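J.: compute the structure for the input listed below.
(chains A, B, C and D)
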Number of protein chains: 2
Amino acid sequence: MHMGRKLQTNPRKSACQERSRLTVDAILEATTRVLIKEGYDRASTNKIAAVAGVSIGSLYQYFPSKEALVAAVIDRHTQEQMRVTRNALVKVAASPIEVAARELVSAAIDAHRVNPKLHRVLAEQIPRVGRLQNIEATERDAYVLVRGYLDAHRDEIDFADPDVAAFICVTAVEALTHAAVLRRPDILTDEKAEKFVDEVTDLVVRYLRKS
Amino acid sequence: MHMGRKLQTNPRKSACQERSRLTVDAILEATTRVLIKEGYDRASTNKIAAVAGVSIGSLYQYFPSKEALVAAVIDRHTQEQMRVTRNALVKVAASPIEVAARELVSAAIDAHRVNPKLHRVLAEQIPRVGRLQNIEATERDAYVLVRGYLDAHRDEIDFADPDVAAFICVTAVEALTHAAVLRRPDILTDEKAEKFVDEVTDLVVRYLRKS
DNA sequence: CAAAAATGTAAGCGATAGCTCATAATTGTC
DNA sequence: GACAATTATGAGCTATCGCTTACATTTTTG
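T.: Below you'll find the predicted structure:
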């Protein structure tokens, strides 16, 4: 029975016995592993079920489509990432920008270090169609939080459009940490990482600070 | 299961008669159009051939695989983009950073405005093809050029590691222009665009300049 | 324990994708 | 005009994919 070509990303049924919770966990675990190893295109639902040690039917009992399955993995990952960022922002809500920026840049790097291989696949390979736009949503969340901080610290800041300023800071820091973690690990070795944090912090602070 | 798929992205044969050059052009044209309209997954080689008004066999005479076909489109596009950037850099080679930065930020925006819809598809959906190589290579080219500029203007610059500085500038400007063009067109309206260029220029100049 | 509900299984369907190949049409050479 | 390259054609092969469905097993309920 097909209900049109509707994009259905909600779980088909929720696991209410312990047994099925284990099944769902195994499926998500396997999806993550297969995505990392094979990439999105080659990660077939049959293969994922096999890796999970579960029949293909069970997979489709909990996830109505491949997209829904991947969306669940994305959700898991982005929530973990957002947790890191949000914590950092709360922690520095009252700190001056010099301190806050440094802390947030560190947090951004940490956030990107939560399963970086998965992060790479999600960021680079997942088609941005349908419900799979959650990754951009995370960035938007971060953007709102940062804008709140900037509004609260207006007096320390060389006042431009706070909207544009928040956009610039979030986009720049996100891109820099992303690129550093995924493409320039040489910049983030133990002895160099701090230097990198210094530089990115400097970028943001000099841009924002009255001078 | 056999997964011995070879990554072959070189043209199968080169067009040496005028007739076949037209065919190749039509195929590339059609690929671009179909990619924009349908995205990578739904852009089937059969459909592309049909749109090009060419048989599927002809397509495979010049491109050994779908990946090779898309790679050719990527090449075309990135070359066009690099041309814009390189021109700008040559133009400001002798200018102080205030002037140079502004020009380069403008150039970056222009480069992203070369067929932005295609750029979006390539940036968002294509990384699974050819492993990002071509697009990352472009960024690496830009990075080398900028590093050359920074080396030549060492005396104007608050000296940090020039390698890291170039990485930060290129990554930040690329990400900001990319995000602005694709996700915040409201920031680039005729009356606001200049303000955005000012801001990004400021970001870079304040970061680099002795102060 | 028996009936009902929840969970699990896997063969296989329908669709479509990328791609091949035998063949035909066109062009270049003499 | 004859003959060989070159270029173009498209029916159809093979493979795989996402997903359904008919059925088996386990757990809960009463």
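J.: contact residues of chain A facing chain B?
T.: A:39-42, A:124-125, A:127-129, A:136, A:160-161, A:164-165, A:167-168, A:171-172, A:174-176, A:179-180, A:183-184, A:187, A:195-196, A:199-200, A:202-203, A:206-207, A:211 (CB under 8 Å from any CB of the partner chain). To be clear about C-beta, it is placed using only N, CA and C from the backbone, and glycine gets the same treatment.
J.: how much space between the most centrally placed residue in chain A and residue A:188?
T.: Residue closest to the mean C-alpha point of chain A, counted by CA atoms, centre = their mean, is residue A:78 at 3.8 Å. Going from residue A:78 to residue A:188 by CB to CB, to the nearest Å gives 22 Å.
J.: one more: residue A:67?
T.: 33 Å.
J.: same question, residue A:72
T.: Residue A:72 is 30 Å from residue A:188, by CB to CB.
J.: what residues does chain A have near DNA strand C?
T.: Chain A has residues A:13, A:15-17, A:19-20, A:22-23, A:46, A:54-58, A:60-61 near DNA strand C, with proximity defined as CB under 7 Å from any atom of the strand.
J.: ok, which pair from those is furthest apart?
T.: The distance between the two most remote of the residues of chain A next to DNA strand C (CB to CB) is 26.3 Å, for A:16 and A:46.
J.: report pLDDT for the closest residue in space to residue A:110 that isn't next to it in sequence.
T.: Using CB to CB, 6 or more residues apart in numbering or on different chains and skipping residues adjacent in sequence, the residue nearest residue A:110 is residue A:84, 5.4 Å away. Note on residue A:84: pLDDT of 91.
J.: could you look up the SS state of residue A:84?
T.: For residue A:84, the assignment made with DSSP: H, G, I helix; E, B strand; the rest coil gives helix.
J.: residues touching it, list them.
T.: A:107, A:110, A:111, A:114 (CB atoms under 8 Å, 6 or more residues apart in numbering or on different chains).
J.: nearest residue to the closest residue to chain B within chain A in space, please, no chain neighbours.
T.: Per CB to the nearest CB, the residue of chain A with the smallest distance to chain B is residue A:175, at 3.2 Å. The shortest distance from residue A:175 to any non-neighbouring residue, by CB to CB, 6+ apart, is to residue B:175 (3.2 Å).
J.: residues in contact with the one you found?
T.: Counting by CB under 8 Å, 6+ apart, residue B:175 has contacts A:171, A:172, A:174, A:175, A:176.
J.: closest residue of chain A to DNA strand C?
T.: residue A:57 (1.9 Å; CB to the nearest atom of the strand).
J.: what helix or strand is that residue on?
T.: Secondary structure assigned from DSSP states H and E places residue A:57 in helix A:56-62.
J.: any idea how far the residue nearest to residue A:175 is from DNA strand D?
T.: Separation of residue B:175 from DNA strand D (CB to the nearest atom of the strand, to the nearest Å): 30 Å.
J.: ok now the helix or strand harbouring that residue, how far from the chain's centre?
T.: Element membership for residue B:175, per DSSP H and E: helix B:162-183. Its chain's average C-alpha position is 13 Å from that of helix B:162-183, according to CA atoms, centre = their mean, to the nearest Å.
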